[in-house]
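In: 3D model of this:
(chains A and B)
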There are 2 protein chains.
Amino acid sequence: MESLKKRILKEGRAVGSDRINVDGFINHQIDVKLMEDMGEEFRRRFQGIKVDKILTIEASGIAIGIAAAKAFGYPPVVFAKKAKPNTMVDDCYIHEAMSFTKGEKRQITVAKKYLSEGEQVLILDDFLAHGEAASALAAMVEEAGAKVAGIGVAVCKNQQGGKARLEEKGYKVEALALIKDISDGEIFFE
Amino acid sequence: MESLKKRILKEGRAVGSDRINVDGFINHQIDVKLMEDMGEEFRRRFQGIKVDKILTIEASGIAIGIAAAKAFGYPPVVFAKKAKPNTMVDDCYIHEAMSFTKGEKRQITVAKKYLSEGEQVLILDDFLAHGEAASALAAMVEEAGAKVAGIGVAVCKNQQGGKARLEEKGYKVEALALIKDISDGEIFFE
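Out: Coordinates of the predicted model:
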């Protein structure tokens, strides 16, 4: 997606050799118009695929999921939680996933009643690095007897192998900006 | 807002005497169309007030902020973070706030560069209980030399006093569903 790649080159900052900071329009301050355009682009990339539900993960994933919902005809958007709040009393799917950005293993949680057998679930997230979060979400979808309609991410750091790993498992993965390499403060796309 | 109150009565669950669970359409699974309608309602309630930026807080606040952005002409949406990720290298405003739902004191963080002097900032969130998060966000806005355009929340548990406390400080506070009391598993509105 050209507009996203241009924005990353203009405002994104390489942090070391394996991270990029896009706090100005995705991860802290959000350009909602750009995110809605990303939603339209996901709809095009997953053309012809039925989507009954969007599944994402807090925090930044929520922005992507909400902004994309309109393009998919407003399916329910479910976001996995990284800590179980004291108002959550339901039976849950719980998986561990290493967060690359936070540098720690986290339990991610989805209440069982929000994933149903036979549903087609599109997984959306902001970043794909090693694919730990997306793998955990996909496992939950399948535990529920639902089907992964696809996995869409705004930015994929392809050198970290997550996309290839998810594709090996048979998932259709679409990244709107596919990064090949980060070196000397520069970001290179595939 | 009648449609929100009806939905709360239909699907919300009272948890003890001071919490309600609206995981089916706000806090875990999200009805994006309802949230966009909430955005339109905020626009009506803050009619005539200039809004240059929307400020909210992760996680559920993000959904409200994103869904409301369109009604306000797509201002940037900034969300405060509850933990500083390792891609964040900027100078930040940091305040402590007790999270009523999580039952713990948390540091909430906003990078200084995303709040600017003279801006009119609308604070949006899902819940208002004691008003700790909203107070911390308002303090950051003022530290930046910006102005709080107003504070809008989806659900206010009025018996916990947060709304009155914020109004005493001079803020215009709008709650789309104003709860008076929760008792014996029933939710009563003002």
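In: identify the residues contacting the longest helix anywhere in chain A?
Out: When chain A is parsed with DSSP state H, its longest helix is helix A:32-45. For helix A:32-45, contacts defined as C-beta atoms under 8 Å, 6 or more residues apart in numbering or on different chains pick out A:1, A:3-4, A:7, A:25-26, A:63-64, A:67-72, A:122, A:124, A:150, A:152, A:154, A:174, A:176, B:66, B:69-70, B:74, B:77. The way it works is simple: take the backbone N, C-alpha and C, and place the C-beta from them, glycine included.
In: how far does the next helix or strand after that helix sit from its chain's centre?
Out: Next helix or strand after helix A:32-45 toward the C-terminus (DSSP states H and E): strand A:53-57. Counting by C-alpha atoms, centre = their mean, to the nearest Å, strand A:53-57 is centred 8 Å from the centre of its parent chain.
In: so what touches strand A:53-57?
Out: Contacting residues not belonging to strand A:53-57 are listed as A:62, A:64-65, A:68-69, A:72, A:75-80, A:82, A:108, A:110, A:115, A:119-125, A:133, A:137, A:140-141, A:146 [C-beta under 8 Å, 6+ apart].
In: which among the contacts of helix A:32-45 count as buried?
Out: Among the contacts of helix A:32-45, the ones that count as buried by 16 or more other C-beta atoms under 10 Å in any protein chain shown are A:1, A:4, A:7, A:25-26, A:63-64, A:67-72, A:122, A:124, A:150, A:152, A:154, A:174, A:176, B:66, B:69-70, B:77.
In: backbone dihedrals for the residue nearest the centre of chain A, both of them.
Out: Closest to where the C-alpha atoms of chain A average out (C-alpha atoms, centre = their mean) is A:D125, at 1.3 Å. When read as degrees, to the nearest 10, the backbone of A:D125 gives phi -150, psi 170.
In: just give the nearest non-adjacent residue to it, would you?
Out: Sequence neighbours aside, A:G61 is the residue nearest to A:D125 in space, at 4.6 Å (criterion: C-beta to C-beta, 6 or more residues apart in numbering or on different chains).
In: and the residue nearest to the centre of chain A, what does it touch?
Out: If you count contacts by C-beta under 8 Å, 6+ apart, A:D125 has them with A:T56, A:I57, A:S60, A:G61, A:I64, A:A133, A:A134, A:L137, A:I151, A:G152, A:V153, A:A154.
In: wait, A:E190 sits on A:L178?
Out: Yes. Look at A:E190 against A:L178 with C-beta atoms under 8 Å: they come within range, at 4.4 Å.
In: now the common contact residues for the two.
Out: Jointly contacting A:E190 and A:L178 under the rule C-beta under 8 Å, 6+ apart are A:N158.
In: of those two, which one has the most company?
Out: More crowded of A:E190 and A:L178, by other C-beta atoms under 10 Å in any protein chain shown: A:L178, with 18 against 12.
In: check which helix or strand covers the more buried one.
Out: Assigning secondary structure by DSSP H and E places A:L178 in strand A:173-183.
In: for chain A, which spans come out with low pLDDT?
Out: Within chain A, the ranges that satisfy pLDDT under 70 run A:84-89.
In: and the strands in chain A, which stretches?
Out: Using DSSP state E, the strands of chain A run over residues A:13-15, A:19-21, A:29-30, A:53-57, A:77-80, A:92-99, A:104-111, A:120-128, A:147-157, A:173-183, A:186-189.
In: any chance of those in CSV, plus distance to B:G162?
Out: Listed next are those as CSV, based on distance: least, C-beta to C-beta, whole Å:
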stretch, distance to B:G162
strand A:13-15, 37
strand A:19-21, 34
strand A:29-30, 25
strand A:53-57, 28
strand A:77-80, 24
strand A:92-99, 29
strand A:104-111, 27
strand A:120-128, 31
strand A:147-157, 34
strand A:173-183, 39
strand A:186-189, 43
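In: for those, which one sits closest to B:R165?
Out: B:R165 sits nearest to strand A:29-30 of all the strands of chain A, at 27.9 Å, using C-beta to C-beta.
In: just checking, what packs against the closest one?
Out: Here strand A:29-30 touches helix B:60-69, strand B:77-80, going by 3 or more C-beta pairs under 8 Å, 6 or more residues apart in numbering or on different chains; DSSP states H and E.
In: out of those, nearest to B:E11?
Out: helix B:60-69 (15.6 Å).
In: what's in contact with that closest one?
Out: The contact list for helix B:60-69 (C-beta under 8 Å, 6+ apart) reads A:30, A:32, A:35, A:58-60, A:62-63, A:66-67, A:77, A:79, B:26-27, B:30, B:32, B:35-36, B:38-39, B:42-43, B:54-56, B:75, B:77, B:79, B:124-127, B:152, B:154.
In: the same query, at a cut-off of 6 Å, please.
Out: Defining contact as C-beta atoms under 6 Å, 6 or more residues apart in numbering or on different chains, one finds that helix B:60-69 is touched by A:32, A:62-63, A:66-67, B:27, B:30, B:35-36, B:39, B:42, B:54, B:56, B:77, B:79, B:124-126.
In: likewise stretch A:173-183?
Out: The contact list for stretch A:173-183, computed with C-beta under 6 Å, 6+ apart, reads A:1, A:4-5, A:8, A:14, A:17, A:38, A:41, A:45, A:151-159, A:163, A:166-167, A:188-190.
In: list the buried ones in it?
Out: Those would be A:V173, A:E174, A:A175, A:L176, A:A177, A:L178, A:I179, A:I182, for stretch A:173-183 by 16+ other C-beta under 10 Å.
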